[in-house]
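# build me a structure from this.
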Amino acid sequence: MDMFLGGLMALANLQTILMMIVGTLAGMIFAVIPGLTFSTAMVLLVPFTFGLDPIGAVGLMMGVYAGGMCGGAFSAILLGIPGTPSAAATVFDGHKMTLKGQGDKACGIAAFSSVFGGVFSLVVLMLLAPQIAKVAVKFGAPVIFSLVILGFSCVVSLSGKELTKGLLSGFVGLFLCCIGSDPVVGSARFTFGNVNLLAGINSMPVLIGMFALPEIINVFVEGRKAGGHLDSIAPDTKNVRAPFPSLKEIWSCRKQLLYSSTLGTCLGFIPGCAGPMAPFMAYDHCKRFTPDMGTGVIQGVAAPEAANNATQGGAMIPMMALGIPCDSCSAIILAAFTIHGFAPGPLLFQNDGAFVYAVFIALVVIYLMALGLQFWGIKALMKILAVPKVQLMSVILVLAFVGAYAIDLNFVSIVVMFLSGFVSYFMRHYGYPSMPLILGVVLGGTMEARLRAALSLTNGSLSIFAEQPLSLVFLGIALVILLLPLINRIRSYRKKEEVQI
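Numbers count the residues shown, from 1 in each chain. As a prediction, this is how the structure comes out:
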């Protein structure tokens, strides 16, 4: 109870409330505009939180996260163009409802479903995360290292047929963490004589470059092809609104809301399974007991939106309880926590209980803010689409430049940002997944620290990982996950040979 009251008191100041409002609004704006993602908003805003108190900074990040999850549906419904990849499944029924003159009803149920899924997963987060942390606090260095390897392998395995590209991307991220001074003996590693690299490469310039610059480059390339101007895609906002759904409409979607929220929370907990996967899976499963889905019904909007937002709480569980991010957004939040002196993991709940409860309460308040902004601010949000993309991206480029430099006031950070951005651009072009690289950059330090701590107990012998059963189980599961794509490829190759014979 004391920690709850401490968290409530930490939130009870004007600056924190204002930051939550700004974050929620920024997340919605970036989510509404097709081609931008709220992940970009998150990395751009992190450097601007340095002058804030930790609760205000985290409130800003959480606001962007929750607001971005909620905002992508509007352009999907009204324009048929998803604002974020996660809102793609909402197009199926949402835009058809707009074509039937029921766009306002679709926007209303989307707003309600988004908040329902988010609050559902938040309740699960509040119940499960402390319990997982109580168990995880007993883990030693070998178990934590093995657990990080397991999460890393889950993300890499989702590269599908391009497992080699996923592994290569992850190794690049881990290599970036090796640049700088050795944390144990202090010797320089991969600095090539540059004293500016002795402190290592900060993860934030890498994240800013990887999220912001590829989108900026794409828009500038499109703008050049279009003669320097890209037409806006703003809809007619005169009749745009999002009325609160009636109790009858909510009741008719009860199965979709509960099922999709549960599925989204479970998938969010698994590294790499958040994003578009949860909404599409929820839509597909709900369609089996709702045959009308696909023809323009509110159930077809409620299912993907509830699943999409439920992944947030699911992804926050391992991030807060174990210090392992499951998606790019939770990786950014983990980096923001670290910058402000909080280390997500089992000890966070013991050492900073008031801060944890402040995060929980902040998320509840943010969802209420998001609900209000969606219902009463939809016209203003859709007018954002009238801003020409080239001009918008020019502003974002300036923010990226200032943000990267503000992290440590080092020009090298700007160089790192640009290099990361161009690398990310070509990675997307040639089909290399970026999530393994991001996870490698964020978790590389933890992996090295736990590995060296474990090896120091046995004078460099790897036997310690086999001696602890839980560590051996995690490593075994990780190996199976990485080998499964290879096994499936061998099976498909044999089947083709049998057919040819």
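
# where is the longest helix in this structure?
The single longest helix within the chain, with elements called by DSSP state H, is helix 103-136.

# mean confidence for whichever helix or strand comes after it?
In the C-terminal direction, the helix or strand that comes right after helix 103-136 (DSSP states H and E) is helix 141-157. With pLDDT averaged residue by residue, helix 141-157 scores 80.

# then stretch 109-118?
Mean pLDDT, stretch 109-118: 89.

# convert the C-alpha atoms of that stretch to CSV, please.
Extracted C-alpha coordinates of stretch 109-118, given in CSV (Å, rounded to 0.1, in the frame of the first residue of the first chain):
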residue,chain,number,x,y,z
ILE,A,109,-15.6,0.9,-31.6
ALA,A,110,-11.9,1.1,-32.6
ALA,A,111,-11.3,3.7,-29.9
PHE,A,112,-13.1,1.7,-27.3
SER,A,113,-11.5,-1.6,-28.3
SER,A,114,-8.0,-0.1,-28.3
VAL,A,115,-8.4,1.1,-24.7
PHE,A,116,-10.2,-2.2,-23.6
GLY,A,117,-7.3,-4.3,-24.9
GLY,A,118,-4.7,-2.0,-23.4
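
# how far off centre is that stretch?
Its chain's C-alpha centre lies 18 Å from the corresponding centre of stretch 109-118 when counted by Cα atoms, centre = their mean, to the nearest Å.

# what comes into contact with it?
Counting by Cβ atoms under 8 Å, 6 or more residues apart in numbering, the neighbours of stretch 109-118 from elsewhere in the structure are 66, 69-70, 73-74, 77, 90, 94, 242, 244-245, 249-250, 253, 257, 260-261, 264, 298, 301-303, 305-310, 312-313, 363, 367-368, 370-371, 374-375. C-beta coordinates here come from the backbone N, C-alpha and C atoms, glycine included.

# can you list which of the residues you listed are found in helices?
Cross-referencing those against helices under DSSP H gives 66, 69-70, 73-74, 77, 94, 249-250, 257, 260-261, 264, 301-303, 305-310, 312-313, 363, 367-368, 370-371, 374-375.

# just the buried subset of those, please.
Buried members of these, counted by 16 or more other Cβ atoms under 10 Å: 66, 69-70, 73-74, 77, 94, 249-250, 257, 260-261, 264, 301-303, 305-310, 312-313, 363, 367, 370-371, 374-375.

# for the residue nearest the centre of the chain, what are its contacts?
Nearest to the mean C-alpha position of the chain, counting by Cα atoms, centre = their mean, stands Cys329 at 2.4 Å. Contacts were defined as Cβ under 8 Å, 6+ apart; by that measure Cys329 touches Phe38, Ser39, Met42, Tyr65, Gly68, Ala274, Gln312, Ala315.

# check which helix or strand it maps to.
Cys329 is part of helix 328-339 when elements are defined by DSSP H and E.

# so where do the helices sit in the stretch 401-501 of the chain?
Using DSSP state H, counting those that start in this stretch, the helices of the stretch 401-501 of the chain run over residues 411-429, 435-456, 463-467, 469-500.

# pick the most deeply packed of those.
Sort the helices of the stretch 401-501 of the chain by mean neighbour count, taking mean count of other Cβ atoms under 10 Å, and helix 435-456 sits at the top with a mean of 21.

# off-centre distance for that one?
Counting by Cα atoms, centre = their mean, helix 435-456 comes out at 19 Å from the chain centroid.

# rounded mean pLDDT for it, please.
Average pLDDT, helix 435-456: 81.

# tell me the angle of it relative to helix 141-157?
Note on geometry: by axes from the mean of the first three to the mean of the last three Cα atoms, to 10 degrees, helix 435-456 and helix 141-157 are set 160 degrees apart in direction.

# before we move on, back to that, closest to Asn202 among the contacts of Cys329?
In terms of Cβ to Cβ, no member of the contacts of Cys329 lies closer to Asn202 than Met42, at 15.7 Å.

# can you tell me how far Ile407 sits from Met393?
Taking Cβ to Cβ, to the nearest Å as the criterion, Ile407 is separated from Met393 by 21 Å.

# which one's more surrounded, these two?
For Ile407 and Met393, the more surrounded residue by other Cβ atoms under 10 Å is Met393, and the numbers stand at 24 against 20.

# and that one, what element?
Using DSSP H and E, the secondary-structure element containing Met393 is helix 389-408.

# who's in contact with the closest residue to Leu443 other than its chain neighbours?
Among residues not flanking Leu443 along the chain, Val148 sits closest, at 5.6 Å (Cβ to Cβ, 6 or more residues apart in numbering). Residues near Val148 by Cβ under 8 Å, 6+ apart: Ile324, Leu443, Thr446, Met447, Arg450.

# now those residues as TSV including distance to Gly118?
Listed next are the contacts of Val148 as TSV, based on distance: Cβ to Cβ, whole Å:
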residue	distance to Gly118
Ile324	21
Leu443	26
Thr446	28
Met447	31
Arg450	32
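
# what's the neighbour count on Val359?
Neighbour tally, Val359, other Cβ under 10 Å: 27.

# for Phe38, see how far away it is.
In this view, Val359 and Phe38 are 18 Å apart by Cβ to Cβ.

# returning to what we had before: name the residues of the longest helix of the chain that are buried.
Residues 103-122, 124-126, 128-130, 132-133, 136 are the ones in helix 103-136 that count as buried (16+ other Cβ under 10 Å).

# can you give me the helices for the stretch 151-300 of the chain?
With DSSP H, counting those that start in this stretch as the definition, the stretch 151-300 of the chain shows helices at residue ranges 163-178, 203-225, 247-252, 254-269, 277-289, 299-322.

# packing partners of the shortest one?
Put plainly, it is helix 247-252. Helix 247-252 sits against helix 103-136, with contacts defined as 3 or more Cβ pairs under 8 Å, 6 or more residues apart in numbering; DSSP states H and E.

# just the angle for the helix it packs on relative to helix 277-289, thanks.
Inter-element angle recorded for helix 103-136 and helix 277-289: 120 degrees (by the same axes, to 10 degrees).

# for Thr37, phi and psi?
Listed backbone geometry of Thr37 is phi -130, psi 150, with angles given as degrees, to the nearest 10.

# wait, it touches Pro214, no?
No. Counting by Cβ atoms under 8 Å, Pro214 is not a contact partner of Thr37; they are 10.4 Å apart.

# quick one: end-to-end distance for stretch 41-57.
14 Å (Cα to Cα, to the nearest Å).

# would you mark the buried spots in that stretch?
Along stretch 41-57, these residues count as buried under the neighbour rule (16+ other Cβ under 10 Å): 41-47, 49, 52, 54-57.
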